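>>> fold the following, please.
(chains A and B)
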Amino acid sequence: MKNKKLYLKIIGVIVISFIVVKLGSNEIFIANTPKIRPDIFARVNVLISNNIGFIAQLFNKNNKNLAEVEKRRVEEYLKDIPLKIAAKGIYAKSRGNMSYTLIKENEVEWIVYTFNIKGKEIKIKVPKGQSPPSQDLLEKIY
Amino acid sequence: MYLGPFYLDTKEIFLILAAIFVGLAMFMGWNLYWFDKQSLLTLIVLMLITKGLLPAIHNEAFFILAIAAIFLTLYFSMLQVILFYFIGFLLFRVLRVI
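Numbering: from 1, shown residues only, chains lettered A, B, ... in the order given. Got it, this is the predicted structure:
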């Protein structure tokens, strides 16, 4: 029994050491050298805040993702403000530093522009009143 | 086995023999499959130092960690293997294995 405990501890130590080295050595040291990263505290801060966000999401009772939670928060905050028409089919409202935009695709007047990018014909839909993207920008995207 | 005033047990003698073989392999240009001779020699030296500090009752823990470290030289860089080796010893001490 005592031997079993000892071997379990030894195997446990080996597994934990392996995990610590695998996950931590690249974060702390530069390129497998004994030199410690100069921005190590910043990296640790980013790692901790990302992981706290992830863990907080796991414990969220409604089990919704953060984007949905944020969207509901904005809707709740702006619920007593009426929507204003920004353009045909595009409605918006805001208060302070929060804003909400609603786009009703069937109401928007779309204008279709045809571009020739690298020999291919590409059609871009743009709401009426807005300027289409430039040829250079589209060539970079496509 | 007594070497002058020093006592060496069987395991330590084998470890020293292994170090001599690896050293010879480096200088004579013998080929070792997959293992890097320089890493092995460095690791053997570290093992001899740590074995010198540990009493014989902790041989099992020491040798299991040593075998794992030698195996990991195939997959990890030398810095990671050395970190693994020392973190292993630290955890052994924390968990009162040694």
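>>> low pLDDT regions in chain A?
Per-residue confidence of chain A (counting by pLDDT under 70) places the weak regions at A:1, A:53, A:57-66.
>>> quick check: mean pLDDT of the biggest helix by length in chain B?
Across chain B, the longest stretch assigned as helix under DSSP state H is helix B:10-28. For helix B:10-28, the per-residue pLDDT values average out at 85.
>>> so which elements touch that helix?
For helix B:10-28, the helices and strands in contact under the criterion 3 or more Cβ pairs under 8 Å, 6 or more residues apart in numbering or on different chains; DSSP states H and E are helix B:37-53. Heads up, the C-betas are built off the backbone N, CA and C, glycines and all.
>>> CA atoms of the helix it packs on as CSV?
Once side chains and other backbone atoms are set aside, the C-alpha atoms of helix B:37-53 remain, and they are given as CSV (Å, rounded to 0.1, in the frame of the first residue of the first chain):
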residue,chain,number,x,y,z
LYS,B,37,25.3,13.2,-27.2
GLN,B,38,25.8,16.7,-25.9
SER,B,39,22.4,16.7,-24.2
LEU,B,40,22.9,13.3,-22.7
LEU,B,41,26.3,14.1,-21.3
THR,B,42,25.0,17.3,-19.7
LEU,B,43,22.0,15.4,-18.2
ILE,B,44,24.3,12.6,-16.9
VAL,B,45,26.5,15.3,-15.2
LEU,B,46,23.4,16.8,-13.6
MET,B,47,22.2,13.4,-12.5
LEU,B,48,25.6,12.6,-10.9
ILE,B,49,25.4,15.9,-8.9
THR,B,50,21.9,15.3,-7.7
LYS,B,51,22.5,11.7,-6.9
GLY,B,52,25.5,12.8,-4.8
LEU,B,53,23.1,15.0,-2.8
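>>> and it, anywhere near chain A?
No: under the criterion of Cβ under 8 Å from any Cβ of the partner chain, chain A is not reached by helix B:37-53; the shortest gap measures 12.0 Å.
>>> re the thing from before, can you point out the buried residues in the longest helix of chain B?
Going by neighbour count (16 or more other Cβ atoms under 10 Å in any protein chain shown), the buried part of helix B:10-28 is B:12, B:15, B:18-19, B:22, B:25.
>>> and what of stretch B:29-48?
Within stretch B:29-48, judged by 16+ other Cβ under 10 Å, the buried ones are B:35, B:37, B:39-44, B:46-47.
>>> residues making contact with that stretch?
Stretch B:29-48 is contacted by residues B:12, B:15-16, B:18-19, B:22-26, B:66, B:69-70, B:73-74, B:78, B:81-82, B:85 when judged by Cβ atoms under 8 Å, 6 or more residues apart in numbering or on different chains.
>>> can you give me the end-to-end distance of it?
In terms of Cα to Cα, to the nearest Å, the two terminal residues of stretch B:29-48 are separated by 24 Å.
>>> how about stretch A:120-136?
With Cα to Cα as the measure, the first residue of stretch A:120-136 is 15 Å from its last.
>>> with that, I have no additional questions.
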